[in-house]
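# Pasting the sequence and the predicted coordinates here, then a few questions.
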Amino acid sequence: MTTMNSIASSAIQTSASGQNNHISALKFITCGSVDDGKSTLIGRLLVDSKAVLQDHLAGVQRQGETDLALLTDGLSAEREQGITIDVAYRYFATEERKFIIGDAPGHEQYTRNMVTAASSADAAVVLVDATKLDWKNADLALLPQTRRHSLLAHLLRVHSLVFAVNKLDAVADPVLAWKHIQGALQSFAQAAGITVRATVPVSALKGWNVVDAHAGWCGYEGPTLLQVLEQLPNTPADTGLPLAFPVQWVEKSSSSSSDTSQGRRVFWGRVASGNVAPGTPVQIFPSGQLATVAQVLDHARRPRDVPAGTSAGFILDREVDVSRGDWILAAPAVATPAEDDFDTPASVPAWPASRELRTTIAWMDDEPLVAGRVYWALHGHRWVKAKVKAVVHKLNINTLAEEAATQLDPNAIGHVDLLLQEAIPAAAFGKARVLGSLILVDTASHKTAGAVLVN
C-alpha cells in the first residue's frame, strides 16, 4: 500500500511541475457494495467540514436522530428504501482544497450509474463494510461488489483509488478485523494490478478518521480520509500526445463573413489530447482534408493556446467541410525514406483509423451481449454501427481469471471483438482516455448497453 509520505511527495512534485493541487478541485466518487455506508460517509464529510447549514441538517431527521445518508439520497424512492439509486453530486471545500463528490449506488443493477460517475472522476473511495466480512479469518473473501467497483475504477483509468474500511466500531475486535481486511484488500489489489493510494479505517457514523482523527484506533496512526483526499493529484490530461479534437458544435461566425483570409466557422468541442495553437497543421477525419489552425478560442472566446481536457473553438485557415462528429487531428507526419528507397515517402497518420477493435466491455444492458448483435457505438461525438464479432472471454471478479464465454451477462466484464461499419481513429484506452472509449447503445430501445475500452 502506498504510504501517506509517498502521496505527499507526489503532490509536492506535481505542484512543482506547475499544477497547484491545493486549488484545483478533486472530483471523486464513493462506491462499493450496498449498505456499506457510502451516503453516510459523504454526509459525515459534509457535516464535519462545516459544509451543511443548520436548517438543512434539521431537514434530514429520522425518528428524532440525524440521518446523514439523507444529505445525498434525495430521490423519494431512495429515502423510502434507504438505498442509493442514482448518482448524487455534492460540493464542499476545506482550507486546502475544493471537492466534488459523486455518491455512486452499490446495487449491482445500478452498475451503469457507477460507471457513468467513475468515467469522469479523479479518484474513487471504495467503502468496505467490516461487519459483512468474516473478519476473524485471515483469508477472508471480499464482497463481489467491492471487487467489481474496484476493477471498474481501474479499467476506467480512475487515477487514484482509496479503500475506506467502515463500521470497524461495530465489530468485537477492531484491531484484528482491520489487520485481516487490510491484508485481503492488499492481496486483491496486487493480484488485479491496482495501485492503491491509501487504506484507512473509518467509522462514518461516529466520524472517526473521516475528518477528525481517532488516535490509535485499530492500531492505525496514519492520516484521516480527508487528509488523504486533500493530497491526491488530479487526473493528468493527455497533453503529451498528438492533437485530437472531436467536433461537438459548428458555429457560423457572421462577424468574419467578409474576411477571406480564414474560415468563417468556429468548431467547438473539448480537446481530447495534445495541445493546439495558431499555426498547428491538422487533418480532418474522415474526409482527410488538410488545413492549418488560424485561431484558437477558449470557452470565453478569448484567443489563447489550449491543452487537452479544455473546451475550445477552432477557426481554420480555409473553408473545409467539417460537421458534428468529425475529428480534427494532428496532420500526418511524413515518413523518412531510406537512402535506397526511390518511392515517394508515405505519410503516417497521427491517429490511425480502424474498423476492427479488440475491447474490454463492462456490460450494463438487461439483455446479454452475444456475437452477431449490432449496436450503435458513440466515439467522441460520432455515431457508427458496431457488430459484435466475438466474445473472447469474461473476467471472473472473484478469482480474476479469464474464463471462456459465449456471452456477457448484465454487469459482467469481458474482452470482446467489435467490427465497425466505418473506421474511427481509436487508440488504446491506456494511452488516450477519450480516443480509447466508446459506449454501445441498443438500436431499438436506445438504452446505453455497454462501456467500451479499446485494448
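Thanks, I have it.

# Would you tell me which strand is longest in the protein?
Of all the elements of type strand in the chain, the one with the most residues (DSSP state E) is strand 382-395.

# got any ranges where this protein has weak pLDDT?
Along the chain, segments meeting pLDDT under 70 span 1-23, 50-87, 106, 254-259, 335-346.

# now the helices for this structure?
Along the chain, counting by DSSP state H, helices occupy 4-16, 38-48, 54-58, 76-81, 111-118, 144-155, 174-192, 225-231.

# what's the fifth one packed up against?
Translated: helix 111-118. strand 26-32, helix 144-155, strand 448-454 (3 or more CB pairs under 8 Å, 6 or more residues apart in numbering; DSSP states H and E). For glycine as for every other residue, the C-beta is placed from the backbone atoms N, C-alpha and C.

# what does the second one give?
Helices and strands in packing contact with helix 38-48 are listed as strand 26-32, strand 88-93, strand 98-103, strand 123-129, helix 225-231; criterion 3+ CB pairs under 8 Å, 6+ apart.

# Pick out the residue nearest the middle of the chain.
Residue closest to the mean C-alpha point of the chain, counted by CA atoms, centre = their mean, is Ser119 at 2.6 Å.

# which residues sit in contact with that residue?
Contacts of Ser119 were listed using CB atoms under 8 Å, 6 or more residues apart in numbering, and they are 156, 437, 451.

# The last one is in contact with Met364, isn't it?
Yes: applying CB atoms under 8 Å, one finds Ala451 in contact with Met364, separated by 6.9 Å.

# which neighbours do those two share?
Contacts common to Ala451 and Met364, judged by CB under 8 Å, 6+ apart, are 112, 115.

# Take the helices and strands packed on helix 38-48 and write them to a markdown table, including distance to Gly372 and mean neighbour count.
Formatted as a markdown table, the helices and strands packed on helix 38-48 follow (distance: least, CB to CB, whole Å; neighbours: other CB atoms under 10 Å):
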| stretch | distance to Gly372 | mean neighbour count |
| --- | --- | --- |
| strand 26-32 | 33 | 26 |
| strand 88-93 | 38 | 15 |
| strand 98-103 | 36 | 21 |
| strand 123-129 | 35 | 26 |
| helix 225-231 | 45 | 22 |
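
# could I get these as TSV with distance to Asp139?
Listed next are these as TSV, based on distance: least, CB to CB, whole Å:
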stretch	distance to Asp139
strand 26-32	21
strand 88-93	36
strand 98-103	32
strand 123-129	16
helix 225-231	27
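
# Tell me which residues touch the closest residue to Pro246 other than its chain neighbours, please.
Counting by CB to CB, 6 or more residues apart in numbering, Gly380 is the residue found nearest to Pro246 once chain neighbours are left out, at 3.1 Å. Neighbour list for Gly380: 246, 272, 325, 327, 434-435 [criterion: CB under 8 Å, 6+ apart].

# Only the buried subset of those residues, as a ChimeraX command please.
Only the buried entries of those go into this ChimeraX selection, using 16 or more other CB atoms under 10 Å:
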select :246,272,325,327,434,435
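
# can I get the contacts of Gly380 in a markdown table with distance to Val228?
Below are these laid out as a markdown table (distance: CB to CB, whole Å):
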| residue | distance to Val228 |
| --- | --- |
| Pro246 | 34 |
| Ala272 | 30 |
| Gly325 | 41 |
| Trp327 | 38 |
| Val434 | 28 |
| Leu435 | 31 |
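
# Identify, from the contacts of Gly380, the entry nearest to Val293.
Trp327 (14.0 Å; CB to CB).

# and that closest one, bridged to which residues?
For Trp327, the beta-bridge partners under DSSP bridges are Pro246, Phe285.

# distance of it from Ala353?
From Trp327 across to Ala353, the span is 9 Å (CB to CB, to the nearest Å).

# now Glu402
Taking CB to CB as the measure, Glu402 falls 28 Å from Ala353.

# Could you do Gly288 as well?
Taking CB to CB as the measure, Gly288 falls 10 Å from Ala353.

# again with Ser120
Taking CB to CB, one finds Ser120 at 26 Å from Ala353.

# Return the most buried member of the helices of the chain.
Comparing these by mean neighbour count (mean count of other CB atoms under 10 Å), helix 38-48 ranks first with a mean of 25.
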